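# Here is a sequence together with a model predicted from it:
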Amino acid sequence: MIRPVFEKTLVREGEVRSFQICVGPDGWEVSEKDDQKIARHHHADWHHVERTLMRFDLEIEALRNEGWLEA
């Protein structure tokens, strides 16, 4: 069973950006989506997940500063 441990979606003028980290039996599934692409990665090591979470936090803060709102 896969369950989300982090989920954020931001919107601005019809654009959508989503960030998600889920935990499953074989590690963590990380995805980042926008209107044009989906990037997915699998991590078995928590340290990679921590770095990804820090990157997500920085990117989300930058988007909020540009006027993006949480959906």
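It's in.

# From Pro25, how far out is the residue nearest the centre of the chain?
For the chain, the residue nearest the mean C-alpha position is Phe19 (1.9 Å; CA atoms, centre = their mean). Phe19 is 22 Å from Pro25, where distance means CB to CB, to the nearest Å. C-beta here means a position set from N, CA and C on the backbone, and glycine is covered the same way.

# circling back: so which strand or helix has the residue nearest to the centre of the chain?
Take DSSP states H and E as the rule and Phe19 turns out to sit in strand 15-24.

# right, and His42 touches Trp28 too?
Yes - between His42 and Trp28 there is a contact at 7.2 Å, judged by CB atoms under 8 Å.

# now the helices: where do they sit in this structure?
For the chain, the helices defined by DSSP state H cover 46-65.

# contacting residues for the residue nearest to the centre of the chain?
Phe19 sits next to 6-9, 31-33, 56, 59-60 when contact means CB atoms under 8 Å, 6 or more residues apart in numbering.

# ChimeraX command for the buried members of those?
Listed next is the ChimeraX selection for buried residues among these, using 16 or more other CB atoms under 10 Å:
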select :6,8,32,56,60
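
# Tell me the one of the contacts of Phe19 nearest Trp46?
Phe6 (12.9 Å; CB to CB).

# my guess is the closest one meets Trp28, correct?
No - with contact defined as CB under 8 Å, Phe6 does not count as touching Trp28 (9.6 Å).

# overlap in contacts of those two?
With CB under 8 Å, 6+ apart as the test, Phe6 and Trp28 both reach Ile21.

# Tell me, how many residues neighbour the closest residue to Asp34 other than its chain neighbours?
Once flanking residues are discounted, Asp34 sits nearest to Arg17: 5.1 Å by CB to CB, 6 or more residues apart in numbering. Arg17 has 18 neighbouring residues, counting by other CB atoms under 10 Å.

# Now that we're looking at Arg17, what pLDDT does it have?
pLDDT, Arg17: 97.

# can you pull the contacts of it?
9-11, 32-34, 63, 68.

# Leaving out sequence neighbours, find the closest residue to Ile21.
Phe6 (4.2 Å).
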